[in-house]
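Peer 1: what would the 3D arrangement of this be:
(2 chains)
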Amino acid sequence: MPDVIALLAEPLQYGFMLRGMAAAVLVGIVCAVIGTFVILRGMAFLGDALSHAILPGVAIGTLLGGGRPALFLWALGTALAASFGIGFVQRRARIKEDAAIGIVFSGLFALGVAILSAMRSTGTDLTHILFGNVLAVGPGDLALIFLCASAVLLTLGLFYKELVVVTFDETFAITLRLPAAFLSYLLLALVAVTTVVSLQTVGITLVLALLVTPAATGFLLARRLPVIMAVAAVCGALSGVTGLYLSYYLGIASGAAIVLVSLALFILALVIAPRRGRRLFMKSP
Amino acid sequence: MFRKKHSPHDPGAAGLELEAVDVRYGAVRVLEQITLRVEAGERMAVIGPNGAGKSSLFRACAGLLTPATGHIRIGGSQPGLHTCIAYLAQRSEVDWQFPVTVADAVLMGRIGRRGFFHRLNREDRSIAADCLDTVGMADLSRRQIGELSGGQQQRMFIARALAQEAGIMLMDEPFAALDAPAREDIFGILDQLRDKGVAVLVALHDLRLAAERFDRVLLLNRKIIAVGKAPAVLTPEALGEAYGGRLHLVHTADGHLVFADTCCEGG
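Peer 2: Alright, predicted model coming up:
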């Protein structure tokens, strides 16, 4: 037993591990909670596209300098602009929505790669942007993550009942004279902020996993939305902590370790509740 | 903030009033020159072939579609100012796997009354429970909505509309795929709604139900073909005009008409 405690305690003597843990837990929770809405609204592809669309913002932020906070703001601005772009496409476009999203956001991603490749000399590590590096989270970064995660959860709490109604039955929400368009954009903005917050932990390519996997586990294990969110949040936080321990002892990239743990939890839930799993996968959009 | 206040009703005005309403989707006119008045407590059947504009009529009345020309007034003002009008969409339009219980779904009707940043309180819960009781589903309140039968789903919609304090209910094919007992349950509730002064418009395909169980019948095919008491509306000429070749009329020996809507949908 003391061995286990020693094993668990050892990484925590390092400041970077403690900050990494805190960041992973915060991100795990906020992604899981927002992720339940992402699943309910069938926005998974959109969430993935959004995270990729941030890259040119990150690239320009790096190009202009100004340190981490400036980079963060650039990413946030790009994400918000991209999410409103998506919202506009969803509501107005004549071409198929998923095609439009694919065109616009793979294009933006390519633009980001192009800009970054042109400025190789600045020493920006593309892999850190693509795959995250939670162990490089500084005290200032942690404060930003905390602020943004709190803001997202607080906003979600304030508009919770309206967001649930507009997600469940938009027609009904409109006859209650709720501002359905505003609420849809609000949710997109929350997904955008959540994505940016997650960049440092799992990176652009794996954000989708944090949004979708713990939330899906919640759907397997619970039946009512608030309980689903709570289960998802616990899974998200647990994946963050366990993933970092695995990363420390096995030398795996932290983002990948976090995602793999969340996947393991999902498979476990699928084994425990196989009947509901079928329902989740067969759910009509 | 963001939310329009429910507009008070003008005491002299009809429950629902349409005046020369045209509705268009792009260049296509789906409704033409609809003029109609529905009083409180009235029960009206809306019949017509598929694509006649029944859903569009309801959606326009509920403020979900804006007429290209003409006016729609609820209690004297435009639908967008009212939360007292309930549109009960076809059941197939709802995600029944959504993770809420029956009680949760009915409680959603109260949100229009509470507004942003106000939690639903005990009073709302008790009103929602009463509404479920009215439709005879008090014992099902903790069920997931996906576990309900078709008739129960429809009754849950009605309970949600009651929780919304709807004075006008627009029901789009509520009887589709329901058996006779489930249908009679709904008519039982409609009788109670009449006593409460709720005006109910029901889109349906069953001409016999329309003739026997409603105060008035509206025969629609883009325009109003006829409106009034069933015997005056369901004439061979009017039905022929509305349905064209899709309706077969057969005169039987005792002078009754037998008709069959040959189109695809049940109900």
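Peer 1: next one, pLDDT for the nearest residue to residue A:22 once chain neighbours are set aside please.
Peer 2: In this structure, residue A:22 finds its nearest non-sequential neighbour in residue A:142, 5.9 Å apart by CB to CB, 6 or more residues apart in numbering or on different chains. Using the backbone N, CA and C atoms, a C-beta is placed for each residue, glycine as well. pLDDT, residue A:142: 92.
Peer 1: quick check: residue A:199 touching residue A:75?
Peer 2: Yes. In this structure residue A:199 lies within contact range of residue A:75 using CB atoms under 8 Å: 6.4 Å.
Peer 1: what do those two both touch?
Peer 2: A:54, A:58 (CB atoms under 8 Å, 6 or more residues apart in numbering or on different chains).
Peer 1: my guess is residue A:112 contacts residue A:58. True?
Peer 2: Yes. Applying CB under 8 Å, one finds residue A:112 in contact with residue A:58, separated by 6.6 Å.
Peer 1: any idea how far residue A:46 is from the residue of the stretch 51-200 of chain A found nearest chain B?
Peer 2: Going by CB to the nearest CB, chain B is nearest to residue A:176 of the stretch 51-200 of chain A, at 3.6 Å. Distance, residue A:176 to residue A:46, using CB to CB, to the nearest Å: 25 Å.
Peer 1: what about those two, which has more around it?
Peer 2: Using other CB atoms under 10 Å in any protein chain shown, the more surrounded residue of residue A:176 and residue A:46 is residue A:46, with 24 against 21.
Peer 1: what residues does the stretch 51-200 of chain B have near chain A?
Peer 2: For the stretch 51-200 of chain B, the residues in contact with chain A (CB under 8 Å from any CB of the partner chain) are B:62-64, B:80-83, B:85-87, B:89, B:93-95, B:97-101, B:104-105, B:108-109, B:111-112, B:116-117, B:119-120, B:144, B:146, B:160, B:164.
Peer 1: of those, just the buried ones, PyMOL syntax please.
Peer 2: Here is the PyMOL selection string for the buried members of these, based on 16 or more other CB atoms under 10 Å in any protein chain shown:
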select buried, chain B and resi 62+63+64+80+81+82+83+85+86+87+89+94+95+98+99+100+101+104+105+108+109+111+112+120+144+160+164
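Peer 1: what residues are up against whichever residue of the stretch 1-150 of chain A sits closest to chain B?
Peer 2: Using CB to the nearest CB, the closest approach of the stretch 1-150 of chain A to chain B is made by residue A:40 at 6.9 Å. With contacts defined as CB under 8 Å, 6+ apart, residue A:40 is in contact with A:167, A:168, B:98, B:99.
Peer 1: now swap in residue A:103 and tell me
Peer 2: Per CB under 8 Å, 6+ apart, neighbours of residue A:103: none.
Peer 1: from residue A:88, how far out is it?
Peer 2: 14 Å.
Peer 1: helices of the stretch 151-285 of chain A, start to end?
Peer 2: A:160-168, A:170-175, A:180-221, A:225-250, A:254-272, A:274-282 (DSSP state H, counting those that start in this stretch).
Peer 1: oh, I was asking about the stretch 51-200 of chain B
Peer 2: For the stretch 51-200 of chain B, applying DSSP H, counting those that start in this stretch gives helices covering B:54-61, B:102-107, B:111-114, B:122-134, B:150-163, B:180-195.
Peer 1: what packs against the third one?
Peer 2: Contacts defined by 3 or more CB pairs under 8 Å, 6 or more residues apart in numbering or on different chains; DSSP states H and E place helix B:111-114 against helix A:160-168.
Peer 1: pLDDT on the helix it packs on, on average?
Peer 2: Helix A:160-168 carries an average pLDDT of 95.
Peer 1: can you list contacts of it?
Peer 2: The contact list for helix A:160-168 (CB under 8 Å, 6+ apart) reads A:37, A:40-41, A:156, A:172-173, A:176, A:178, A:180, A:183-184, A:186-187, A:225, B:94-95, B:98, B:100, B:105, B:108, B:111, B:116, B:119-120.
Peer 1: low-confidence regions, the stretch 1-150 of chain B specifically.
Peer 2: Applying pLDDT under 70 to the stretch 1-150 of chain B flags the ranges B:1-6, B:11-14.
Peer 1: wait, doesn't residue B:79 sit right on residue B:61?
Peer 2: Yes. Shown here, residue B:79 and residue B:61 form a contact pair, counting by CB under 8 Å, at 6.3 Å.
Peer 1: need the overlap of contacts for these two.
Peer 2: With CB under 8 Å, 6+ apart as the test, residue B:79 and residue B:61 both reach B:72, B:85.
Peer 1: least confident secondary structure element in chain A?
Peer 2: helix A:274-282 (a mean of 56; mean pLDDT, DSSP states H and E).
Peer 1: related to what we said a few turns ago, please name the nearest non-neighbouring residue to the residue of the stretch 51-200 of chain A closest to chain B.
Peer 2: Using CB to CB, 6+ apart and skipping residues adjacent in sequence, the residue nearest residue A:176 is residue B:112, 3.6 Å away.
Peer 1: distance check, the one you found against residue B:66.
Peer 2: Look at residue B:112 and residue B:66: by CB to CB, they are 20 Å apart.
Peer 1: run a quick neighbour tally on residue 154.
Peer 2: In the absence of a named chain, this looks at chain A. Neighbours of residue A:154 using other CB under 10 Å come to 10.
Peer 1: nope, chain B please
Peer 2: The number of residues near residue B:154, taken as other CB under 10 Å, comes to 25.
Peer 1: ok, it - contacts?
Peer 2: B:88, B:91, B:174, B:178, B:182, B:186.
Peer 1: state the distance from it to residue B:189.
Peer 2: Here residue B:154 is placed at a distance of 9 Å from residue B:189 (CB to CB).
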